[in-house]
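Asks: Could you look at this predicted model? Sequence included:
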Amino acid sequence: MGRDQTPDQTPPANEGRRLTVKLMAEKLNVSTATISNAFNRPDQLSEARRRWILDECKRLGYMGPNAAARSLRTGRTGNVGVMLADNLAYSLTDPVASEFLHGLAEVLDKKRMNMLLLSSQDAGNSYRSHLQESMVDGFIVYGWLTKRDTYERLLQQGKPMVAVDFDLEGCTWVNIDNYQGARASAEHALKVPPRNVSILGLRLVEQEDVCSIRGHDLFGETRAISVRRLNGYLDALGLAGYDISPDRIWSTPTNNHGDAYQAAYEALSQTPRPDLLLCMSDRLGLAAIQVALQMKLRIPEDLRIVGFDGIPEGNTLHPSLTTVYQQSAEKGRVAARIFLGEQEDQNVLIPTRLLVRESCP
């Protein structure tokens, strides 16, 4: 143990002195940095050494310098880590993500548990990541994280984990039936045969700007729910005799209005211009309506548009948006119930519902 000697065998009592990092270091004959690392920086110590220090601290009644350490008394923190694929600002303003978090919070509130929102975009700070992750009882991971080592780090902790909106081997997942929802919406739109079809997609390829998918490799289905939606569209189109080329399929890196507007403008500027747009999100669909109206196109006479998500804004605009309603809040509730053991620990595929409105009657 280097400079470490046999620890103080004093029974759990502090003899009137408040237990501090310095006092614990004296009792265990180690440095204060070693005590701090055991609680806050587990990567700095071997597992055996860290466990010895934590066990001795617990025996002597010292619960550590932070909430995670104090939880050693009960083995639980009362916190659920929600690991987000995107940054916090984007996740809180994206209507689908915010609905998911709302559903999650409903269940956790009833159990008086807290959410600790974590962003995978911050995973480069190893010290801060380890500290934050030590403060939760487990993880609900929302969306595919770009760094595989983040998953591996979370899995290695051996804490409960539920994946949402993607598949992860060895982890229970909760997904929307994206394929069937997209296919049903395309089949509805094809009841009136279009001349030209374009697709506005979301995160189909590894590209940081708006582009067609021509010349790019698609993400795999386990990673990108949008690829499942694309396959639903393509299967419906194929059965109806339509062969859509890659240069009529657009990918946007984010689900914000700027990217959506650009994709819609570029798609509607093509020759021949599409008279049917299949959009993988309602924000894409709403932007397409805006661009079409600015181009003096009549909806649905000149252009029919179908969205996906079912956010409230789609029903307040005129013309209102035909869309696929996904149960975003229920997705959060189901993930929370599985995490808490209130629902059977098995994969869940939540059905969608087509909402027919003015943009594609």
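Replies: Right, received. Where do you want to start?
Asks: Distance of Cys57 relative to Val21?
Replies: 10 Å (CB to CB, to the nearest Å). Quick note: C-beta positions are derived from backbone N, CA and C, even for glycine.
Asks: ok, those two, which is more surrounded?
Replies: Counting neighbours by other CB atoms under 10 Å for Cys57 and for Val21 shows that Cys57 has the greater number, 22 against 18.
Asks: on that earlier part again, list residues touching both of Cys57 and Val21?
Replies: Common neighbours of Cys57 and Val21 are listed as Ile35 (criterion: CB atoms under 8 Å, 6 or more residues apart in numbering).
Asks: How many residues are close by Ala48?
Replies: Taking other CB under 10 Å as the criterion, the count of residues near Ala48 is 8.
Asks: part of a helix, is it?
Replies: Yes. According to DSSP: H, G, I helix; E, B strand; the rest coil, the state of Ala48 is that of a helix.
Asks: Per-residue pLDDT of it, please?
Replies: At Ala48, the predicted lDDT confidence score is 88.
Asks: again with Leu131
Replies: On the pLDDT scale, Leu131 is placed at 64.
Asks: For Gly258, give me its contacts.
Replies: Listed by CB under 8 Å, 6+ apart, Gly258 has no contact partners.
Asks: give me the element it is part of.
Replies: Under the assignment given by DSSP states H and E, the secondary-structure element containing Gly258 is helix 257-268.
Asks: Quick one: mean pLDDT over that helix.
Replies: Throughout helix 257-268, pLDDT has a mean value of 97.
Asks: next one: stretch 82-91
Replies: Here the average pLDDT along stretch 82-91 is 89.
Asks: which outside residues touch it?
Replies: 94, 97-98, 101, 104, 115-122, 139-146, 150, 154, 254, 256.
Asks: Just the buried residues of that stretch, please?
Replies: 82-86, 90-91 (16 or more other CB atoms under 10 Å).
Asks: cool, stretch 154-162 as well?
Replies: Along stretch 154-162, these residues count as buried under the neighbour rule (16+ other CB under 10 Å): 154, 157, 160-162.
Asks: Tabulate the residues you listed (CSV), appending pLDDT and distance to Ser269.
Replies: Putting the buried residues of stretch 154-162 into CSV (pLDDT from 0 to 100; distance: CB to CB, whole Å) gives the following:
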residue, pLDDT, distance to Ser269
Leu154, 79, 44
Gln157, 77, 50
Pro160, 88, 49
Met161, 90, 45
Val162, 94, 43
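Asks: Just name the closest of those to Pro312, please.
Replies: Relative to Pro312, the closest of the buried residues of stretch 154-162 is Val162; by CB to CB it sits at 26.7 Å.
Asks: In contact with that closest one, which residues?
Replies: Residues near Val162 by CB under 8 Å, 6+ apart: 139-141, 171-174, 335, 338-339.
Asks: Restricted to helices, list these.
Replies: Members of those lying in helices (criterion: DSSP state H): 335, 338-339.
Asks: which of the residues you listed tops the neighbour count?
Replies: The most crowded member of those is Ala335, carrying 28 neighbours; neighbours defined as other CB under 10 Å.
Asks: okay, that one: pLDDT?
Replies: Reading off the per-residue confidence, Ala335 sits at a pLDDT of 97.
Asks: again, but for Ser320
Replies: The model reports Ser320 with a pLDDT of 98.
Asks: mind checking how far Leu92 is from Ala336?
Replies: 18 Å.
Asks: between those two, which one's more packed in?
Replies: Comparing Leu92 with Ala336 by other CB under 10 Å, the one with more neighbours is Ala336, at 27 against 13.
Asks: looking at this protein, which helix or strand is least sure?
Replies: Every helix and strand in the chain was compared by mean pLDDT, DSSP states H and E; the lowest is helix 67-70, with a mean of 45.
Asks: Moving C-terminal from that one, which element do we reach first?
Replies: Immediately after helix 67-70, counting by DSSP H and E, sits strand 79-84.
Asks: Fine, thanks again, bye for now.
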